[in-house]
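Peer 1: sharing a model that was predicted from the sequence below.
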Amino acid sequence: MKALLSVSDKTGIVEFAQALHGLGVQLLSTGGTAKLLADQGLPVTEVAEVTQFPEMLDGRVKTLHPKVHGGLLARRDLPAHMAALKEHGIDTIDLLVVNLYPFEATVAKPGCTLADAIENIDIGGPAMVRSAAKNWNHVAVVTAADQYEAVLVELKAAGKLSDKLRFALSVAAFNRIAQYDGAISDYLSSVQFEDEKLSEDYVPQRALFAGQTNGHFVKLQDLRYGENSHQQAALYRDLYPAPGSLVTGEQLQGKELSYNNIADADAAWECVKSFDEPACVIVKHANPCGVAVGQDAHEAYAKAFQTDPTSAFGGIIAFNRTVDKAAAEAVVKQFVEVLM
């Protein structure tokens, strides 16, 4: 068995490669991954040695070669395919381990320029992943570190991977490529040409319209329960959420949030954001039961609370100013689900 490993996220790759080597798998690799494995004493062959063509264009062209894609795409059950490989001196590749350039993480950084984003669009990785995933009957494709264990379990038990696992890995690979291409599409959709030419340090604004993410969402966390206690729920955000929205916040302390906590917190936050003056909003069951402005956070809270003290019990409280000592001392006198 021959495996090609080329990863950006190197989490667990050394241990995985060591286990593969221990099972008699031959290792091929590229660039930084090859150097890392070689530095750990693993026998690894550079892809450039196989293709007899060096990496070029600052690493933009490494694996885009018939000796790589032929080895991934050839059907082992078709004599014509195997004869073509033999004629051209191409070996089969049975296991592909690839994760992609960190495009999503790069564009999520404040101040990311268009040039930075473009350089983190992976070309060779997705091409190999698609080739291997298409040929899942004969090739296994691994696109995430959390898949390593399942692969090793089957290889150790049977010396090969089952059709079921290869197919599941193929589906996961196509899903990853779809997600990756969606992220690129969403990002580039935010680029607006104001002049005839964009500068290298141009920083695009985020999505032109709220929710412009091609239906792609990022899971943030599981929630304690859904609208009712017997239901499961999770919180997702847009790929590029609106600045200042609830999903960009950080929970500082307290128990895990429920669906109702999130819904009420979002209602309270969106309401309090609409005020320029110091304001406080108290929400219960998605309905404001107290909204007020004041000279400071304490006065705004006192007015909002007096609107309906009974409904305020166990509610969600949102401020648009820093909660000072006086406001905090007033709030702690009652039971509060969420304080923002």
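Peer 2: Structure received. Since we're looking at a predicted model, the values are computed, not measured.
Peer 1: where does L235 fall, phi/psi-wise?
Peer 2: With angles defined as degrees, to the nearest 10, L235 sits at phi -110, psi 130.
Peer 1: so what's it closest to, chain neighbours aside?
Peer 2: L220 (4.7 Å; C-beta to C-beta, 6 or more residues apart in numbering). C-beta: built from backbone N, CA, C; applies to glycine.
Peer 1: then L4?
Peer 2: L28 (4.4 Å).
Peer 1: and the host helix or strand of the one you found, what does it pack onto?
Peer 2: Taking DSSP states H and E as the definition, L28 sits inside strand 26-29. Where contact means 3 or more C-beta pairs under 8 Å, 6 or more residues apart in numbering; DSSP states H and E, strand 26-29 is packed against strand 2-7, helix 13-22, strand 44-46, helix 47-51.
Peer 1: ok so, going back, the residue nearest to L4 bridge partners, please.
Peer 2: Beta-bridge pairing for L28 (DSSP bridges): L4, T45.
Peer 1: stretch 116-127: how far from the chain's middle?
Peer 2: Mean-position distance between stretch 116-127 and its chain equals 15 Å (C-alpha atoms, centre = their mean, to the nearest Å).
Peer 1: in it, which residues are buried?
Peer 2: Buried residues in stretch 116-127, defined by neighbour count with 16 or more other C-beta atoms under 10 Å: 116-117, 120-122, 124-127.
Peer 1: now stretch 168-176
Peer 2: Neighbour-count burial for stretch 168-176 flags 169-170, 172-174, 176 (criterion: 16+ other C-beta under 10 Å).
Peer 1: and the residues you listed, which of them are in helices?
Peer 2: 169-170, 172-174, 176 (DSSP state H).
Peer 1: quick one: the residue of the chain positioned farthest from its centre and A292, what's the gap?
Peer 2: Within the chain, Q306 marks the point farthest from the mean C-alpha position, 44.2 Å out by C-alpha atoms, centre = their mean. According to C-beta to C-beta, to the nearest Å, Q306 and A292 sit 8 Å apart.
Peer 1: now E270
Peer 2: 17 Å.
Peer 1: what's the neighbour count on N287?
Peer 2: 10 (other C-beta atoms under 10 Å).
Peer 1: ok, it - contacts?
Peer 2: By C-beta atoms under 8 Å, 6 or more residues apart in numbering, N287 lies in contact with A267.
Peer 1: now with 10 Å?
Peer 2: Counting by C-beta atoms under 10 Å, 6 or more residues apart in numbering, N287 touches 264, 267, 311, 315.
Peer 1: farthest-apart pair in the residues you listed, please.
Peer 2: Spatially, the most separated pair among those is A267 and S311, at 13.8 Å (C-beta to C-beta).
Peer 1: which residues do the two both contact?
Peer 2: Residues touching both A267 and S311 (C-beta under 10 Å, 6+ apart): 283-285, 287-288.
Peer 1: shaky segments in the stretch 51-200 of the chain?
Peer 2: Within the stretch 51-200 of the chain, the ranges that satisfy pLDDT under 70 run 53-63, 190-200.
Peer 1: can you give me the strands in it?
Peer 2: In the stretch 51-200 of the chain, the strands defined using DSSP state E, counting those that start in this stretch lie at 95-99, 140-142.
Peer 1: and those as a markdown table, adding mean neighbour count and distance to V338?
Peer 2: A markdown table is the format used below for those (neighbours: other C-beta atoms under 10 Å; distance: least, C-beta to C-beta, whole Å):
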| stretch | mean neighbour count | distance to V338 |
| --- | --- | --- |
| strand 95-99 | 25 | 36 |
| strand 140-142 | 26 | 40 |
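Peer 1: as a markdown table, those with distance to V151 would be great.
Peer 2: Below are these laid out as a markdown table (distance: least, C-beta to C-beta, whole Å):
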| stretch | distance to V151 |
| --- | --- |
| strand 95-99 | 8 |
| strand 140-142 | 6 |
